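# Using only what follows, build the 3D model:
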Amino acid sequence: MTTTLTVRKAAIGCVVMAVADLTVWVATGGGYFWPAWTILGLSLLLGAYALIRRREAALAARVDTLTRSRRGAVDRQAAELKRVERDLHDGAQARLVSLSLTLGLAGHLVRLDPDGAAKLVEEARTTAVAALDDLRAVMHSIHPAVLADRGLRDAARALALNLAVPVTVAGDEPGELSPAAETAAYFAISECLANVVKHSGATAATVTFARTAAALRITVEDDGRGGADPGAGTGLRGIAERLDAVDATLAVHSPAGGPTRATITVPADR
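Have a look, this model is predicted:
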């Protein structure tokens, strides 16, 4: 039963009671209009009841949102752990195993074939460098170093430098955010810019930061063809789910013909 329907039924009950009192007052010959007190009391009770029901509905909706976001966060964390494990197993771990075998062979050849041992050592060095690159890539996917070193706005500028579409980053300093919120906002910006390059056909884009006392608002806008639909693919939906876990939101306005405007709203820390 919805809140509106429940309040409506309560209101009908109050009206019936008020009409009954008015009928009694008329039947007893009128006089002092005592039903006014009944009507006033019923009105106050109905107003209090409606307020309580609205608050209960808001709390229920909030609990539902938190339950859904928690479930999504747990699922994403499990998927992320599996991805990291796979990347480490297929990348850095495989290279380190190869490095260990190569160094073992080089150790056997040091006296028998110094030139061959030197080649193996050089090969091992190359493998070690590649393993370090793999580890850096995995670490970047968890928490980018540029984000920790330079903050969210400069991290967005670093993202823009690697794109084929010219991107302008402007606006207020983002201010202090929790690590989880900052990381979620960074990856949201990254995915929005990736969509600009892959799908929009845009010639330019902007990332604008606007800070208020209540929230940080990040707008990613492009001059492309528009038509972006959060329900049509996994990219925008994944952004929304990631942001939902930190109480942030994503709103997309993308009419046919453009422009596309994605607005990321991150509540201020309290």
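# Pick out the least confidently modelled helix or strand of the protein, by mean pLDDT.
helix 35-87 (a mean of 74; mean pLDDT, DSSP states H and E).
# And Ala248, how close does it get to Ile12?
Distance, Ala248 to Ile12, using C-beta to C-beta, to the nearest Å: 42 Å. Glycine gets a C-beta too; all of them are placed from N, C-alpha and C.
# the more surrounded of these two?
Ala248 (23 against 10; other C-beta atoms under 10 Å).
# bridging residues for the residue nearest to the more buried one when sequence neighbours are not counted?
Nearest non-adjacent residue to Ala248, counting by C-beta to C-beta, 6 or more residues apart in numbering: Val266, 4.3 Å away. Beta bridges link Val266 to Leu216 when assigned by DSSP bridges.
# Need the pLDDT of Val266.
Looking at Val266, its pLDDT reads 90.
# cool, and Lys198?
84.
# OK, contacts around it?
Listed by C-beta atoms under 8 Å, 6 or more residues apart in numbering, Lys198 has no contact partners.
# So the residue nearest to the spatial centre of the chain versus Leu132, what's the distance?
Of all residues in the chain, the one closest to the mean position by C-alpha atoms, centre = their mean is Leu243, 1.1 Å from it. Relative to Leu132, Leu243 is positioned 32 Å away (C-beta to C-beta).
# and the gap between the residue nearest to Leu96 when sequence neighbours are not counted and Gln93?
Take Leu96 and drop its neighbours on the chain: the residue closest to it by C-beta to C-beta, 6+ apart is Ala131, 5.5 Å away. Distance, Ala131 to Gln93, by C-beta to C-beta: 9 Å.
# quick one, helices of this protein?
3-27, 35-87, 94-112, 114-142, 145-150, 152-161, 179-195, 234-244 (DSSP state H).
# which of these sits most buried?
Across these, averaging neighbours per residue (mean count of other C-beta atoms under 10 Å) puts helix 179-195 on top, at a mean of 20.
# what's it packed up against?
On a contact count with 3 or more C-beta pairs under 8 Å, 6 or more residues apart in numbering; DSSP states H and E, helix 179-195 meets helix 145-150, helix 152-161, strand 205-211, strand 215-222, helix 234-244, strand 260-267.
# mean confidence for the longest one?
Read that as helix 234-244. Averaged across helix 234-244, pLDDT comes to 77.
# As a markdown table, the helices and strands packed on helix 179-195 with distance to Ala48 would be great.
Output for the helices and strands packed on helix 179-195, formatted as a markdown table (distance: least, C-beta to C-beta, whole Å):
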| stretch | distance to Ala48 |
| --- | --- |
| helix 145-150 | 49 |
| helix 152-161 | 45 |
| strand 205-211 | 39 |
| strand 215-222 | 32 |
| helix 234-244 | 33 |
| strand 260-267 | 30 |
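# I'd like to know which of those lies nearest to Gly104.
Gly104 lies closest, by C-beta to C-beta, to one member of these: helix 145-150, at 32.8 Å.
# got the contact list for the closest one?
Under C-beta under 8 Å, 6+ apart, the answer for helix 145-150 is 139, 154-155, 158, 182-183, 186.
# Please write out the alpha-carbon positions of it in CSV.
These are the backbone C-alpha positions of helix 145-150, laid out as CSV (Å, rounded to 0.1, in the frame of the first residue of the first chain):
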residue,chain,number,x,y,z
ALA,A,145,49.2,7.5,-8.5
VAL,A,146,48.4,10.8,-10.2
LEU,A,147,45.2,11.0,-8.1
ALA,A,148,47.1,10.5,-4.8
ASP,A,149,49.9,12.9,-5.8
ARG,A,150,48.1,15.8,-7.5
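# Show the average pLDDT along that helix.
For helix 145-150, the per-residue pLDDT averages 79.
# hang on, the earlier thing: can you redo the contacts of helix 145-150 as CSV with pLDDT and distance to Arg8?
Output for the contacts of helix 145-150, formatted as CSV (pLDDT from 0 to 100; distance: C-beta to C-beta, whole Å):
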residue, pLDDT, distance to Arg8
Met139, 61, 57
Asp154, 88, 54
Ala155, 88, 51
Ala158, 88, 56
Glu182, 87, 45
Thr183, 86, 45
Tyr186, 88, 47
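# just the residues you listed now: which is nearest Thr67?
Looking across the contacts of helix 145-150 and measuring by C-beta to C-beta, the closest to Thr67 is Thr183, at 22.3 Å.
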